[in-house]
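> Would you be able to build a 3D model of this:
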Amino acid sequence: MRVGICGLGTVGSGLFNLFATNHDEIGRKTKDAPQLVQVGCRRDHPDCDLSSVDVTRDVFEVARNPGIDVLVELIGGTDTAKDLVLGAINHGKHIVTANKALIALHGDEVFAAAEKKGVSVRYEASIAGGIPVVKAIREGLAGNRIDWVAGMINGTTNFILTEMSRPGSNRSFDDVLKEAQDLGYAEADPTFDVEGIDAAHKLTILASIAFGIPLRFDAMYTEGISRITSDDILFAAELGYCIKHLGVARRSGRDVELRVHPTLIANDQMLAQVNGVMNSVMVGSDAAGATMYYGAGAGAGPTASAVMADIIDTVRGTQVPNLGFNDLSEPNFTPISSISSSYYLRLGVEDKAGVMANVSTVLSNHGVSIEALIQKDARVRDAQIVILTDEVVESKIDAAISELESLDAVTSSVSRIRVASL
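Here you go, the predicted structure:
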């Protein structure tokens, strides 16, 4: 197999150098080691010696090159990447990509084109960097019915929440975000990461593989972490929880829920121990039970490792359908208002008698039971009430929050965070 790389950024340069440094190891694991013969990039990378390969500034030249069998798309974005991939497929080339947005938003079209031309599209690196979670679900758990998938699949948000949660730090979201940008963990415009869009792209793909459903990014509920405060971190810890940015896909019969949002996770659960920029995915299945996959979710080395694994599978001729299923059935997507969860609620109130009784009455009237409560007296600001509820349908919490915010004694909007139940 002759390989062409399009894009020589962080992942592309990592893959280029992996071809050189692990050439013998790769050859040992394949009858014929894949050969890198062309690179399409706008500019050279200082860490790559390109003297042994053909270099073009036109990535579409790689797609048209009859001497290329596998095109590796690492340019990112969706518009140009989609045209590049579809063009390469039309020329009979297999595709390997790390582009989660491309797969989540245009995967159905890409896979249909690949099916028609009899080529494969592989995308292990699009979800969790060096963690082989696609192979685990599609191959290792192939004999299982998968009921749920959950995990932290964005390193930026996990880093920010980890740093905010360090004992004694009392750091704000904005402060830690600035550090993440300085360290290169967050982009200058961090919206895709901190507002959950990146994680939602990845979860869209995971759910499709796990449940055999079409790619439906538009059915995803997405909420970021920008409203999480140091107070929320401290109160969650007092209740025995940490806050993580969690993606959850769950099915029951034909009903499927897809959601990405901040979540309270009990400190004794395995996912609570995943810190820094690391990623982790848990899969709940009927025969194997709950299994967990952990590792680096981004970076040149880990992501290039996943890309290379897909190239090697292509060389070996491993035959798997593009999403792991022959037929994809449309489920009933559950709106966020219909899910059931326990909830963390935090509200500022006037420090006077009777306020807690009024709050309790509102919750009771909407069928919301209190499991735990923290009340902090005022010092230099309004008093704080923190409530952990029993499990209830979200629409009831929405109605209760709306009424609470209308009370004269409530001086702030109500912060609401869902509690994990895995």
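> now this structure, which segments are flagged as low pLDDT?
Applying pLDDT under 70 to the chain flags residues 318-327, 378-381.
> Surely residue 10 touches residue 301?
No: look at residue 10 against residue 301 with CB atoms under 8 Å: they stay out of range, at 9.8 Å. Every C-beta, even on glycine, is put in place using the N, C-alpha and C of the backbone.
> where exactly do the strands run in the stretch 301-422 of the chain?
Remark: strands assigned in the stretch 301-422 of the chain by DSSP state E, counting those that start in this stretch are 332-333, 340-349, 370-376, 383-389, 392-393, 415-419.
> cool, and the stretch 51-200 of the chain?
According to DSSP E, counting those that start in this stretch, the strands that the stretch 51-200 of the chain contains are 54-56, 70-73, 94-97, 121-122, 146-152.
> Distance to residue 267 added to those, as JSON lines?
Formatted as JSON lines, those follow (distance: least, CB to CB, whole Å):
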{"stretch": "strand 54-56", "distance to residue 267": "51"}
{"stretch": "strand 70-73", "distance to residue 267": "41"}
{"stretch": "strand 94-97", "distance to residue 267": "37"}
{"stretch": "strand 121-122", "distance to residue 267": "37"}
{"stretch": "strand 146-152", "distance to residue 267": "15"}
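> I'd like these as a markdown table, with mean neighbour count and distance to residue 18 appended.
Output for the strands of the stretch 51-200 of the chain, formatted as a markdown table (neighbours: other CB atoms under 10 Å; distance: least, CB to CB, whole Å):
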| stretch | mean neighbour count | distance to residue 18 |
| --- | --- | --- |
| strand 54-56 | 15 | 18 |
| strand 70-73 | 28 | 11 |
| strand 94-97 | 28 | 13 |
| strand 121-122 | 24 | 16 |
| strand 146-152 | 24 | 25 |
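> Give the helix, strand or coil label for residue 45.
Following DSSP: H, G, I helix; E, B strand; the rest coil, the label given to residue 45 is coil.
> Against residue 222, how distant is it?
Distance, residue 45 to residue 222, by CB to CB, to the nearest Å: 33 Å.
> okay, now the domains of this structure?
With domains defined by automatic domain parsing, the chain comprises 2-128, 145-294, 337-419.
> Please identify which of the ones you listed is closest to residue 329.
domain 145-294 (6.4 Å; CB to CB).
> Span of that closest one from start to end?
End-to-end distance of domain 145-294 (CA to CA, to the nearest Å): 21 Å.
> tell me how far it is from the chain's mean position?
In terms of CA atoms, centre = their mean, to the nearest Å, the gap separating the centre of domain 145-294 from the centre of its chain is 7 Å.
> quick one on the thing from earlier: which one of the domains of the chain lies closest to residue 311?
Using CB to CB, the domains of the chain put domain 2-128 closest to residue 311, at 5.3 Å.
> end-to-end on that closest one?
Termini of domain 2-128 sit 26 Å apart (CA to CA).
> swap in stretch 3-14?
Termini of stretch 3-14 sit 15 Å apart (CA to CA).
> Likewise for stretch 35-45?
20 Å.
> what's in contact with that stretch?
1-9, 12-13, 16, 19, 50, 53-62, 65, 67-68 (CB atoms under 8 Å, 6 or more residues apart in numbering).
> Please pick the buried ones from those residues.
1, 3-8, 12-13, 16, 19, 53-54, 59, 62, 65, 68 (16 or more other CB atoms under 10 Å).
> Spatially nearest residue to residue 347 (excluding sequence neighbours)?
Residue nearest to residue 347 in three dimensions, not counting chain neighbours: residue 414, with 4.7 Å by CB to CB, 6 or more residues apart in numbering.
> which residues does that neighbour contact?
345, 346, 347, 401, 404, 405.
> contacting residues for the second one?
For residue 346, the set of contacting residues under the criterion of CB under 8 Å, 6+ apart consists of 231, 232, 235, 384, 385, 386, 387, 414, 415.
> Including distance to residue 362, could the residues you listed go into TSV?
Shown next, in TSV, are the contacts of residue 346 (distance: CB to CB, whole Å):
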residue	distance to residue 362
231	21
232	21
235	20
384	17
385	12
386	16
387	11
414	11
415	16
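> give me the number of residues near residue 296?
Neighbour count for residue 296, taken as other CB atoms under 10 Å: 18.
> Ignore what I typed, I meant residue 130.
Residue 130: 20 neighbours (other CB under 10 Å).
> Am I right that it is in contact with residue 293?
No: here residue 130 does not reach residue 293: they are 10.3 Å apart, not a contact under CB under 8 Å.
> Make JSON lines out of the strands of the stretch 301-422 of the chain and add distance to residue 211.
Converted to JSON lines, these look like this (distance: least, CB to CB, whole Å):
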{"stretch": "strand 332-333", "distance to residue 211": "11"}
{"stretch": "strand 340-349", "distance to residue 211": "19"}
{"stretch": "strand 370-376", "distance to residue 211": "31"}
{"stretch": "strand 383-389", "distance to residue 211": "29"}
{"stretch": "strand 392-393", "distance to residue 211": "22"}
{"stretch": "strand 415-419", "distance to residue 211": "21"}
